[in-house]
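sequence plus predicted model, see below.
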Amino acid sequence: MPNPVLLNNIDHKDLRVITRRGAAYGDQLMAVPTFPSEFRDVQACYPIVFHKTTDGLGFEPLALFGFQDGENLFLKDERWDAPYIPMMVERQPFLIGINGTELMLNVDLDHPRVNRSEGEEVFKPHGGTTDYLDRANSLLFAIHEGMQGLPGFLQALLDNALLESFTLDVQLDDGSQNRLIGFYTINEDRLQTLGGDAIVKLHQAGHLQAIYLILASLSNFRMLIDRKNATLA
């Protein structure tokens, strides 16, 4: 279980963070949440799909890394084999804390990257923040800002009935039949039949570009299948 605490330069003066990649550091992920302002970078490498939130009442966009729980087809030993790593992966082990309207920088002390002997220093010897921590702080702020635009985007998709469930059937090179279920994508037929006013509203709100980036990202399924086949070779 995560153990987030408010980061400070007294209790955590000698804290370090391991930045190399690997399953031992929590990178064996099938998917992570993403948001519209990140779609341009994400769609260059990964399929963007939606799933229902844990409460079953809403939806959440995901960058997809594999076809089953715990499968990350971009993880190669201690290397992430893609030019872009989504922010929700890159931020670890730091989290955003909120105290009223103030954003706070928290760290998960039980995260496998956190230790006091190796990795990037979080604080300088005299208590100042390192460049590494400054980058992490900027990353968390970008995530927070990006998430602010997500509810409006999701509501626009629902208002225009633009989400539909899909099933992806995949036959791998070893002959096995595999099926990806439980995810949603943009209903292209519905998108094509939207009236001019609806399209203008989506465009003016900045949602239309995000929709097309999602559709463009689906071509990455072919690459994901190729990666899966490579693990079986």
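Sure, I can see it.

list the neighbouring strands of the lowest-mean-pLDDT helix or strand in the chain plus their orientation.
Scoring the helices and strands of the chain by mean pLDDT, DSSP states H and E places strand 94-99 at the bottom, with a mean of 89. According to DSSP bridges, strand 94-99 forms sheet pairs with strand 102-108 (antiparallel).

please save the CA atoms from the strand it pairs with in CSV.
Output in CSV follows, covering the C-alpha atoms of strand 102-108 (Å, rounded to 0.1, in the frame of the first residue of the first chain):
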residue,chain,number,x,y,z
GLU,A,102,-2.7,24.7,-1.9
LEU,A,103,-0.9,22.0,-3.8
MET,A,104,1.6,20.0,-1.7
LEU,A,105,4.4,17.7,-2.8
ASN,A,106,4.1,14.3,-1.3
VAL,A,107,6.4,11.2,-1.5
ASP,A,108,5.4,7.6,-1.2
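
next SSE after that strand?
Counting by DSSP states H and E, the next helix or strand C-terminal to strand 102-108 is strand 114-115.

ok, the closest residue to residue 3 other than its chain neighbours - how many residues close by?
Closest residue in space to residue 3, ignoring its immediate chain neighbours: residue 110 at 4.0 Å, by Cβ to Cβ, 6 or more residues apart in numbering. C-beta: built from backbone N, CA, C; applies to glycine. Neighbourhood size, residue 110 [other Cβ atoms under 10 Å]: 12.

so how far is residue 20 from residue 47?
According to Cβ to Cβ, to the nearest Å, residue 47 and residue 20 sit 26 Å apart.

these two: which has the busier surroundings?
Using other Cβ under 10 Å as the criterion, residue 47 and residue 20 rank with residue 47 on top: 24 against 14.

quick one: contacts for the more buried one?
Each residue near residue 47 by Cβ atoms under 8 Å, 6 or more residues apart in numbering is listed here: 63-64, 217-218, 220-221, 224.

between the residues you listed, identify the one with the most neighbours.
Greatest neighbour count in these, by other Cβ under 10 Å, goes to residue 63: 28 neighbours.

how confident was the prediction at that one?
According to the prediction, residue 63 has pLDDT 98.

phi, psi of it?
phi -90, psi 120 (degrees, to the nearest 10).

residue 46 is in contact with that one, correct?
Yes - at 4.4 Å, residue 63 counts as touching residue 46 under the criterion of Cβ atoms under 8 Å.
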